[in-house]
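Asks: What follows is a predicted structure for the sequence shown.
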Amino acid sequence: MFEGFSQRQVLIRNVRINIRIGGDGPPLLLLHGYPQTHAAWHKIAPALAERFTVVCSDLRGYGGSDRPRSDPEHRSYSKRAMAEDQVAVMRSLGFMQFAVAGHDRGARVGHRMALDHADCVTRLAVLDVVPTLHAWEHMDRQVAMADFHWLFLAQPDDLPEMLIGSTPGKYLEWILSHWNATPGAIPQHLLSEYRRGFDAGMIHASCEDYRASATIDLKHDRADLERKLQCPVLALWSESGTGAMFDVLAAWRERATDVRGRALDCGHFLPEERPDEVILELRKFLSEG
(Lines give C-alpha, C1' and ligand atoms only; values in the text may rest on other atoms or scores of the structure.)
Protein backbone atom coordinates (compact mmCIF):
# COMPACT_ATOMS: atom_id res chain seq x y z
CA MET A 1 0.00 0.00 0.00
CA PHE A 2 0.98 3.65 -0.56
CA GLU A 3 3.51 2.98 -3.32
CA GLY A 4 5.65 6.07 -3.86
CA PHE A 5 4.84 7.50 -0.41
CA SER A 6 7.38 8.00 2.35
CA GLN A 7 6.67 7.43 6.02
CA ARG A 8 7.71 9.86 8.76
CA GLN A 9 7.32 10.46 12.47
CA VAL A 10 6.79 14.16 13.25
CA LEU A 11 7.32 15.30 16.85
CA ILE A 12 4.70 17.90 17.81
CA ARG A 13 4.61 19.24 21.40
CA ASN A 14 6.01 15.96 22.76
CA VAL A 15 3.52 13.90 20.74
CA ARG A 16 4.87 11.91 17.82
CA ILE A 17 2.48 11.86 14.85
CA ASN A 18 2.84 9.16 12.20
CA ILE A 19 2.33 10.25 8.58
CA ARG A 20 2.75 9.12 4.99
CA ILE A 21 3.42 11.74 2.33
CA GLY A 22 3.52 11.52 -1.43
CA GLY A 23 2.71 13.29 -4.67
CA ASP A 24 3.22 16.80 -5.92
CA GLY A 25 0.98 19.84 -6.08
CA PRO A 26 -1.28 21.72 -3.64
CA PRO A 27 -1.22 20.19 -0.13
CA LEU A 28 -4.05 17.92 1.00
CA LEU A 29 -4.38 16.40 4.49
CA LEU A 30 -6.33 13.13 4.81
CA LEU A 31 -7.63 12.13 8.25
CA HIS A 32 -9.07 8.70 9.10
CA GLY A 33 -11.88 7.59 11.40
CA TYR A 34 -12.65 4.98 14.06
CA PRO A 35 -11.44 2.25 14.51
CA GLN A 36 -8.99 2.72 11.66
CA THR A 37 -5.68 4.36 10.82
CA HIS A 38 -4.30 6.32 7.86
CA ALA A 39 -4.41 3.01 5.95
CA ALA A 40 -8.10 3.73 5.32
CA TRP A 41 -6.95 6.03 2.50
CA HIS A 42 -4.82 3.45 0.69
CA LYS A 43 -7.20 3.32 -2.31
CA ILE A 44 -7.60 7.10 -2.44
CA ALA A 45 -4.20 8.61 -1.70
CA PRO A 46 -2.21 7.34 -4.72
CA ALA A 47 -4.79 8.65 -7.18
CA LEU A 48 -4.97 12.04 -5.49
CA ALA A 49 -1.17 12.19 -5.33
CA GLU A 50 -1.18 12.59 -9.13
CA ARG A 51 -2.41 16.17 -8.60
CA PHE A 52 -1.77 16.96 -4.94
CA THR A 53 0.86 16.61 -2.23
CA VAL A 54 -1.04 14.14 -0.06
CA VAL A 55 -0.39 13.77 3.67
CA CYS A 56 -2.09 10.80 5.36
CA SER A 57 -1.85 11.14 9.11
CA ASP A 58 -2.66 8.95 12.11
CA LEU A 59 -4.60 10.95 14.68
CA ARG A 60 -3.06 11.08 18.16
CA GLY A 61 -3.92 7.85 19.94
CA TYR A 62 -4.36 5.90 16.71
CA GLY A 63 -2.12 3.74 14.54
CA GLY A 64 1.53 4.68 14.65
CA SER A 65 1.02 7.97 16.51
CA ASP A 66 1.67 8.41 20.22
CA ARG A 67 -1.03 7.82 22.84
CA PRO A 68 -0.61 10.78 25.21
CA ARG A 69 -1.85 10.56 28.79
CA SER A 70 -5.40 11.80 29.24
CA ASP A 71 -6.82 14.10 31.91
CA PRO A 72 -10.10 14.33 33.85
CA GLU A 73 -11.63 16.73 31.31
CA HIS A 74 -10.40 14.67 28.33
CA ARG A 75 -8.74 17.75 26.83
CA SER A 76 -5.84 15.64 25.58
CA TYR A 77 -8.23 13.94 23.17
CA SER A 78 -10.43 16.91 22.32
CA LYS A 79 -10.85 17.67 18.64
CA ARG A 80 -9.12 20.98 19.41
CA ALA A 81 -5.97 19.18 20.58
CA MET A 82 -6.09 16.77 17.64
CA ALA A 83 -6.55 19.65 15.20
CA GLU A 84 -3.58 21.50 16.68
CA ASP A 85 -1.46 18.39 16.10
CA GLN A 86 -2.33 18.24 12.44
CA VAL A 87 -1.89 21.96 11.78
CA ALA A 88 1.56 21.73 13.37
CA VAL A 89 2.40 18.68 11.23
CA MET A 90 1.47 20.53 8.05
CA ARG A 91 3.44 23.61 9.10
CA SER A 92 6.46 21.43 9.82
CA LEU A 93 6.23 20.28 6.21
CA GLY A 94 6.12 23.89 5.01
CA PHE A 95 2.38 24.07 4.33
CA MET A 96 0.78 27.17 5.83
CA GLN A 97 -2.49 26.61 3.94
CA PHE A 98 -3.98 23.30 2.84
CA ALA A 99 -7.18 21.40 2.11
CA VAL A 100 -8.51 18.74 4.48
CA ALA A 101 -10.59 15.63 3.86
CA GLY A 102 -11.71 13.65 6.89
CA HIS A 103 -13.75 10.52 7.39
CA ASP A 104 -15.65 9.87 10.63
CA ARG A 105 -13.47 11.09 13.55
CA GLY A 106 -11.11 12.71 11.07
CA ALA A 107 -13.99 14.82 9.75
CA ARG A 108 -14.70 16.03 13.28
CA VAL A 109 -11.05 17.01 13.67
CA GLY A 110 -11.26 18.77 10.31
CA HIS A 111 -14.35 20.68 11.39
CA ARG A 112 -12.63 21.94 14.55
CA MET A 113 -9.49 22.73 12.54
CA ALA A 114 -11.45 24.87 10.10
CA LEU A 115 -12.94 26.80 13.03
CA ASP A 116 -9.78 27.26 15.10
CA HIS A 117 -7.39 27.65 12.16
CA ALA A 118 -9.53 29.26 9.48
CA ASP A 119 -6.47 30.88 7.96
CA CYS A 120 -4.98 27.43 7.29
CA VAL A 121 -7.87 25.36 5.92
CA THR A 122 -8.75 26.30 2.35
CA ARG A 123 -11.36 23.57 1.74
CA LEU A 124 -12.93 20.88 3.90
CA ALA A 125 -14.45 17.54 2.87
CA VAL A 126 -16.40 15.64 5.54
CA LEU A 127 -17.24 11.98 4.95
CA ASP A 128 -20.21 10.29 6.61
CA VAL A 129 -20.75 12.62 9.55
CA VAL A 130 -22.94 15.46 10.70
CA PRO A 131 -21.50 17.99 13.19
CA THR A 132 -20.95 16.50 16.65
CA LEU A 133 -23.33 18.84 18.50
CA HIS A 134 -26.05 18.23 15.89
CA ALA A 135 -25.65 14.47 16.26
CA TRP A 136 -26.02 14.58 20.05
CA GLU A 137 -28.97 16.98 19.98
CA HIS A 138 -30.83 14.81 17.46
CA MET A 139 -30.09 11.45 19.05
CA ASP A 140 -33.36 9.53 19.16
CA ARG A 141 -33.87 5.78 19.50
CA GLN A 142 -32.92 5.11 15.86
CA VAL A 143 -29.67 7.07 16.09
CA ALA A 144 -28.78 5.64 19.50
CA MET A 145 -29.22 2.07 18.25
CA ALA A 146 -27.21 2.69 15.07
CA ASP A 147 -24.50 4.73 16.79
CA PHE A 148 -24.45 2.76 20.05
CA HIS A 149 -20.67 3.09 20.25
CA TRP A 150 -20.98 6.83 20.95
CA LEU A 151 -22.58 6.00 24.30
CA PHE A 152 -20.59 2.82 24.95
CA LEU A 153 -17.11 4.23 24.34
CA ALA A 154 -17.88 7.39 26.34
CA GLN A 155 -18.56 5.38 29.51
CA PRO A 156 -16.12 5.95 32.40
CA ASP A 157 -12.62 4.48 32.31
CA ASP A 158 -12.14 1.55 32.24
CA LEU A 159 -15.46 -0.16 31.46
CA PRO A 160 -15.32 -0.10 27.63
CA GLU A 161 -11.55 -0.73 27.70
CA MET A 162 -12.08 -3.85 29.80
CA LEU A 163 -14.89 -5.22 27.63
CA ILE A 164 -13.20 -4.49 24.29
CA GLY A 165 -9.84 -5.68 25.61
CA SER A 166 -11.25 -9.11 26.46
CA THR A 167 -11.55 -9.94 22.74
CA PRO A 168 -10.13 -6.96 20.80
CA GLY A 169 -9.75 -8.84 17.49
CA LYS A 170 -13.36 -10.02 17.48
CA TYR A 171 -14.63 -6.57 18.45
CA LEU A 172 -12.62 -4.90 15.68
CA GLU A 173 -13.76 -7.41 13.06
CA TRP A 174 -17.39 -7.01 14.15
CA ILE A 175 -17.25 -3.23 13.77
CA LEU A 176 -15.51 -3.35 10.40
CA SER A 177 -17.94 -6.01 9.15
CA HIS A 178 -21.21 -4.54 10.39
CA TRP A 179 -20.50 -0.98 9.29
CA ASN A 180 -19.39 -2.15 5.84
CA ALA A 181 -22.02 -2.80 3.15
CA THR A 182 -19.60 -3.77 0.36
CA PRO A 183 -18.22 -7.33 0.40
CA GLY A 184 -14.46 -7.39 -0.10
CA ALA A 185 -13.97 -3.69 0.61
CA ILE A 186 -11.76 -4.48 3.62
CA PRO A 187 -9.66 -7.51 2.59
CA GLN A 188 -7.67 -9.67 4.96
CA HIS A 189 -4.36 -7.85 4.54
CA LEU A 190 -6.03 -4.55 5.46
CA LEU A 191 -7.84 -6.13 8.38
CA SER A 192 -4.47 -7.40 9.62
CA GLU A 193 -3.09 -3.86 9.38
CA TYR A 194 -5.95 -2.49 11.46
CA ARG A 195 -5.62 -5.32 13.96
CA ARG A 196 -1.90 -4.58 14.36
CA GLY A 197 -2.64 -1.03 15.51
CA PHE A 198 -5.60 -1.92 17.71
CA ASP A 199 -3.62 -2.47 20.90
CA ALA A 200 -4.51 -1.61 24.50
CA GLY A 201 -3.13 1.90 24.06
CA MET A 202 -5.27 2.62 21.03
CA ILE A 203 -8.35 1.10 22.67
CA HIS A 204 -7.97 3.46 25.62
CA ALA A 205 -7.09 6.47 23.45
CA SER A 206 -10.09 5.93 21.19
CA CYS A 207 -12.38 5.71 24.22
CA GLU A 208 -10.89 9.02 25.38
CA ASP A 209 -11.63 10.41 21.92
CA TYR A 210 -15.32 9.54 22.38
CA ARG A 211 -15.37 10.73 25.99
CA ALA A 212 -14.10 14.07 24.72
CA SER A 213 -16.88 14.17 22.12
CA ALA A 214 -19.46 13.78 24.89
CA THR A 215 -17.92 16.48 27.09
CA ILE A 216 -15.23 19.02 26.21
CA ASP A 217 -15.94 18.96 22.46
CA LEU A 218 -19.57 19.92 23.10
CA LYS A 219 -18.40 22.81 25.28
CA HIS A 220 -16.17 24.03 22.46
CA ASP A 221 -18.91 23.56 19.84
CA ARG A 222 -21.52 25.43 21.87
CA ALA A 223 -19.09 28.31 22.31
CA ASP A 224 -18.85 28.56 18.52
CA LEU A 225 -22.55 28.36 17.66
CA GLU A 226 -22.51 31.89 16.25
CA ARG A 227 -19.55 31.12 13.98
CA LYS A 228 -19.83 29.43 10.59
CA LEU A 229 -17.11 27.85 8.52
CA GLN A 230 -16.07 30.24 5.76
CA CYS A 231 -14.23 27.72 3.60
CA PRO A 232 -16.13 25.62 1.04
CA VAL A 233 -17.40 22.30 2.45
CA LEU A 234 -18.06 19.04 0.61
CA ALA A 235 -20.19 16.45 2.43
CA LEU A 236 -20.36 12.83 1.25
CA TRP A 237 -22.33 10.25 3.18
CA SER A 238 -23.79 6.76 3.27
CA GLU A 239 -27.33 6.83 1.88
CA SER A 240 -28.47 3.91 4.04
CA GLY A 241 -26.53 4.96 7.15
CA THR A 242 -26.00 8.59 8.09
CA GLY A 243 -28.35 9.70 5.31
CA ALA A 244 -31.18 7.60 6.75
CA MET A 245 -30.87 9.31 10.13
CA PHE A 246 -30.02 12.94 9.30
CA ASP A 247 -30.55 15.61 6.67
CA VAL A 248 -26.81 15.86 6.12
CA LEU A 249 -26.71 18.94 3.90
CA ALA A 250 -29.08 20.85 6.17
CA ALA A 251 -26.99 19.94 9.22
CA TRP A 252 -23.79 21.21 7.65
CA ARG A 253 -25.47 24.35 6.27
CA GLU A 254 -26.21 25.30 9.87
CA ARG A 255 -22.45 25.34 10.47
CA ALA A 256 -20.99 26.54 7.13
CA THR A 257 -21.74 29.16 4.49
CA ASP A 258 -20.85 27.12 1.38
CA VAL A 259 -21.89 23.45 1.40
CA ARG A 260 -22.47 20.92 -1.34
CA GLY A 261 -22.47 17.11 -1.50
CA ARG A 262 -24.35 13.90 -2.08
CA ALA A 263 -25.07 10.43 -0.78
CA LEU A 264 -23.22 7.32 -1.91
CA ASP A 265 -24.75 3.85 -2.11
CA CYS A 266 -22.54 2.09 0.44
CA GLY A 267 -21.91 1.57 4.13
CA HIS A 268 -19.89 3.73 6.48
CA PHE A 269 -16.42 3.20 4.99
CA LEU A 270 -16.71 5.42 1.91
CA PRO A 271 -12.97 5.58 1.05
CA GLU A 272 -12.78 1.78 0.93
CA GLU A 273 -16.26 0.93 -0.34
CA ARG A 274 -16.57 3.58 -3.07
CA PRO A 275 -13.02 4.79 -3.76
CA ASP A 276 -13.61 5.76 -7.40
CA GLU A 277 -16.58 7.95 -6.52
CA VAL A 278 -14.75 9.55 -3.59
CA ILE A 279 -11.73 10.28 -5.80
CA LEU A 280 -13.95 11.84 -8.46
CA GLU A 281 -15.80 14.03 -5.96
CA LEU A 282 -12.64 15.13 -4.17
CA ARG A 283 -10.81 15.96 -7.39
CA LYS A 284 -13.72 18.06 -8.60
CA PHE A 285 -14.15 19.83 -5.26
CA LEU A 286 -10.46 20.50 -4.68
CA SER A 287 -9.97 21.83 -8.20
CA GLU A 288 -12.77 24.43 -8.00
CA GLY A 289 -11.79 28.08 -8.08
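Replies: Structure received. Numbers count the residues shown, from 1 in each chain.

Asks: From what I see, A118 and C231 are in contact.
Replies: Yes: using Cβ atoms under 8 Å, A118 is in contact with C231, at 7.1 Å. Backbone N, C-alpha and C define where each C-beta goes, glycine included.

Asks: the more surrounded of these two?
Replies: Neighbour tally, A118 and C231, criterion other Cβ atoms under 10 Å: the higher count belongs to C231, 16 against 13.

Asks: In three-state terms, label the more buried one for me.
Replies: coil (DSSP: H, G, I helix; E, B strand; the rest coil).

Asks: Which residues lie in contact with it in this structure?
Replies: 114, 118, 121-124, 256, 258 (Cβ atoms under 8 Å, 6 or more residues apart in numbering).

Asks: Which among these count as buried?
Replies: Buried subset of the contacts of C231 (neighbour count, 16 or more other Cβ atoms under 10 Å): 114, 121-124, 256.

Asks: number of nearby residues for M145?
Replies: By other Cβ under 10 Å, neighbour count at M145 equals 9.

Asks: Now do V129 against H189, distance only.
Replies: 27 Å (Cβ to Cβ, to the nearest Å).

Asks: Those two - which one has more neighbours?
Replies: V129 (27 against 10).

Asks: which element is that one on?
Replies: For V129, there is no enclosing helix or strand under DSSP states H and E.

Asks: Can you tell me, leaving aside adjacent residues, what's nearest to it?
Replies: A107 (4.5 Å; Cβ to Cβ, 6 or more residues apart in numbering).

Asks: distance of the one you found from Q36?
Replies: 13 Å.

Asks: ditto for T215
Replies: 23 Å.

Asks: Can you pick out the residue with more neighbours from these two?
Replies: Each of T215 and Q36 has its neighbours counted (other Cβ under 10 Å); Q36 has more, 29 against 16.

Asks: isn't the more buried one right next to R195, touching?
Replies: No: the pair Q36 / R195 is not scored as a contact, 11.1 Å apart, by Cβ under 8 Å.

Asks: need the contact list for L229.
Replies: L229 touches 111, 114-115, 118, 124, 255-257, counting by Cβ under 8 Å, 6+ apart.

Asks: Please list the members of these that lie in strands.
Replies: The strands in this structure, assigned by DSSP state E, contain L124 from the contacts of L229.

Asks: Strands along this structure, start to end?
Replies: Under DSSP E, the chain gives strands at 6-12, 15-23, 27-31, 53-57, 98-103, 121-127, 233-238, 259-264.
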